[in-house]
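K.L.:
no sequence on this one, just coordinates:
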């Protein structure tokens, strides 16, 4: 079953709102540089949202203490 998250495209207005909500005063030039990188990151999150939860162990169950006595 294929499903995809529907998120609005990242544009300058949305990035401006996002940056203002976290107290960042970004110039138009900085927003222009940040927008493709942030959009790429959001696309990666979209891919992760498509993974069925029962296919992978929850992150909080990962224990990296290999060989340590628990």
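P.N.:
That came through, no problem. Please read these numbers as outputs of a predicted model, since none were measured by experiment.
K.L.:
only C-alpha atoms for contact and neighbour calcs from this point on.
P.N.:
Noted.
K.L.:
Any idea how many residues pack against residue 48?
P.N.:
12 (other C-alpha atoms under 10 Å).
K.L.:
give me phi/psi at it?
P.N.:
Taking degrees, to the nearest 10, you get phi -70, psi -30 for the backbone angles of residue 48.
K.L.:
And the pLDDT at it?
P.N.:
With respect to pLDDT, residue 48 scores 80.
K.L.:
Could you check how far it is from residue 42?
P.N.:
Residue 48 sits 10 Å away from residue 42, going by C-alpha to C-alpha, to the nearest Å.
K.L.:
same deal with residue 9?
P.N.:
Applying C-alpha to C-alpha, the value for residue 9 to residue 42 is 10 Å.
K.L.:
In terms of neighbours, single out the busier of these two.
P.N.:
residue 42 (15 against 9).
K.L.:
Show me what counts as buried in the helix or strand where that one lies.
P.N.:
Using DSSP states H and E, the element containing residue 42 is helix 28-49. Neighbour-count burial for helix 28-49, counted by 16 or more other C-alpha atoms under 10 Å, picks out 31, 35.
K.L.:
Quick one: list the elements packing against it.
P.N.:
Packing partners of helix 28-49 (3 or more C-alpha pairs under 8 Å, 6 or more residues apart in numbering; DSSP states H and E): helix 12-21.
K.L.:
What confidence value was assigned to residue 20?
P.N.:
Residue 20 carries a pLDDT value of 94.
K.L.:
burial of residue 50, as a residue count?
P.N.:
Applying other C-alpha under 10 Å, we find 13 residues neighbouring residue 50.
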